[in-house]
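J.: dropping the sequence and predicted coords here.
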Amino acid sequence: MVVVGGNVVVGGRVVVGASVVVVDVEVLDVDAAGSASPMSLLQAARAPTSNVTATRRRANEVGRAGGVHVTPSSLTDRAVQLKSWCEAVTMLVPIRHARRADVAALVAIAEEGEAPGVDEGYLDFVAAQGRLLVACDPEQDNAVVGFAGSIPIGGAAMVTDLFVGSRRRGAGVGGALLAAVTDGFDRRMTCSSAHPAALPAYVRAGLEPQWPVLVLHGHGTGSAVPTIDGPWRHDRHELIGYYESLGAEVGADHVLQRSTDPRTPHRVVRMMSDQPAVDIDRILATVPADDTVELCVPAPSPLAALLQTRGFAVVDDDLFCATPGVHLVPQLVVLHRGLL
């Protein structure tokens, strides 16, 4: 149960001193079919999020994990202000944990938002590792009208997804989902899409725009035989396990999803490196010449400039946003826009 007080936004106007708003995110029972997957939504649906004290303790740990460096900050945190966006409309659009039966609706909402890669396996991973919440509309037979996900990384909440169906946009549903999915975390981060509603929502939540995340397409060189130099020697082993479940090639410092479909690029989905120029050459050499390769690279990384000088083109971009005190370590040179 998330209790929201203070200012409430109604119809685009701020009502000061509004009554307390209660957003229901209590755990609800799920269908028996939800237990089919080892990393099923059932596990997340039975893991209560109301233990705010424990969540806050984990969230406030200072240290390095997953390529993220979290440091203390004396700046005013906007978590309480974020909750004020759980406006009166959320009493009419309750929020709950995702269920197995919601998967098709979540995938459809993500597709409407032009988000690639959101499927049952991805949603299972988010739910098992963090939170996956949905907003429902009682006037539409409790149909799912939006969803949000987050996973903890290095003491911060990484917002993996925030989508609202087109019929309910502009009514505060996204703000309510964002508040619920990050409740208990003083530090938050995300990669904001170019959708006009995305960045303003994150800025209201205190996530400051920092730099672009570039999606680059180029080609392999095909000059070497693929070899595995694993096992993976960094952190985020749960993420590496997810990639392995998809059949990805895991090396000591990189994860590569090879494609068998000429219409689909090979994807370097993670890379930790102190010498990115050397390591990317080694990876590209194992990809057939002229096959397309995709990488998602932080713009400040020297790898971004290097790849563009070698003919890689920017085909899409997001914007990394975070609360004060959250930074990526320089060694994280290739990442996933949702799972980081």
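T.: Ah, there it is.
J.: which intervals of the protein have sub-threshold pLDDT?
T.: 1-65, 70-92, 168-171 (pLDDT under 70).
J.: and the helices in it, which stretches?
T.: Here the chain has its helices, by DSSP state H, at 41-45, 52-59, 79-83, 103-112, 120-129, 173-181, 198-204, 237-245, 276-284, 302-309.
J.: please identify the deepest-packed of those.
T.: helix 173-181 (a mean of 27; mean count of other C-beta atoms under 10 Å). Any C-beta I mention is one placed from the backbone N, CA and C, and that applies to glycine too.
J.: what packs against that one?
T.: strand 2-10, strand 13-23, helix 79-83, strand 95-97, strand 131-137, strand 143-153, strand 156-164, helix 198-204 (3 or more C-beta pairs under 8 Å, 6 or more residues apart in numbering; DSSP states H and E).
J.: if we use 7 Å, what do you get?
T.: helix 79-83, strand 95-97, strand 131-137, strand 143-153, strand 156-164, helix 198-204 (3 or more C-beta pairs under 7 Å, 6 or more residues apart in numbering; DSSP states H and E).
J.: so for residue 331, which of these sits nearest?
T.: Closest of the helices and strands packed on helix 173-181 to residue 331 is strand 143-153, at 14.7 Å (criterion: C-beta to C-beta).
J.: ok, back up a step: would you mind giving the helices of the chain as a markdown table with distance to residue 317 added?
T.: Converted to a markdown table, those look like this (distance: least, C-beta to C-beta, whole Å):
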| stretch | distance to residue 317 |
| --- | --- |
| helix 41-45 | 30 |
| helix 52-59 | 28 |
| helix 79-83 | 25 |
| helix 103-112 | 19 |
| helix 120-129 | 21 |
| helix 173-181 | 21 |
| helix 198-204 | 12 |
| helix 237-245 | 22 |
| helix 276-284 | 19 |
| helix 302-309 | 10 |
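J.: tell me which of those lies nearest to residue 331.
T.: Closest among the helices of the chain, using C-beta to C-beta: helix 276-284, at 8.8 Å.
J.: neighbours around residue 261, how many?
T.: Residues near residue 261, counting by other C-beta atoms under 10 Å, number 6.
J.: ok, it to residue 250 distance?
T.: 21 Å (C-beta to C-beta, to the nearest Å).
J.: break the protein into its domains for me.
T.: Per the record, the chain has its domains at 2-207, 213-322, by automatic domain parsing.
J.: in contact with the spatially most central residue of the chain, which residues?
T.: Centroid check for the chain by C-alpha atoms, centre = their mean gives residue 160 as the closest residue, at 1.5 Å. For residue 160, the contacting residues are 126, 149, 150, 151, 338, 339, by C-beta atoms under 7 Å, 6 or more residues apart in numbering.
J.: what separates it from residue 318, distance-wise?
T.: 12 Å.
J.: swap in residue 271?
T.: Taking C-beta to C-beta, one finds residue 271 at 18 Å from residue 318.
J.: quick one, which of those two is more surrounded?
T.: Set residue 271 next to residue 318 and count neighbours by other C-beta under 10 Å: residue 271 wins out with 25 against 19.
J.: who does the closest residue to residue 98 other than its chain neighbours form a beta bridge with?
T.: Among residues not flanking residue 98 along the chain, residue 132 sits closest, at 4.2 Å (C-beta to C-beta, 6 or more residues apart in numbering). Taking DSSP bridges as the rule, residue 132 bridges to residue 149.
J.: quick one: contacts for the residue lying farthest from the centre of the chain?
T.: Centroid-distance maximum for the chain: residue 223 at 34.9 Å, with C-alpha atoms, centre = their mean. Under the criterion of C-beta under 7 Å, 6+ apart, the neighbours of residue 223 are residue 285.
J.: contacts only, for residue 177.
T.: By C-beta under 7 Å, 6+ apart, the neighbours of residue 177 are 95, 133, 135, 146, 147, 148, 162.
J.: these two touch, right, the first one and residue 132?
T.: No. The criterion here is C-beta atoms under 7 Å, and residue 95 misses it with residue 132 at 11.2 Å.
J.: please identify which of those two sits among more neighbours.
T.: residue 132 (27 against 24).
J.: I'd say the more buried one and residue 122 touch.
T.: No. Using C-beta under 7 Å, residue 132 is not in contact with residue 122, being 10.1 Å away.
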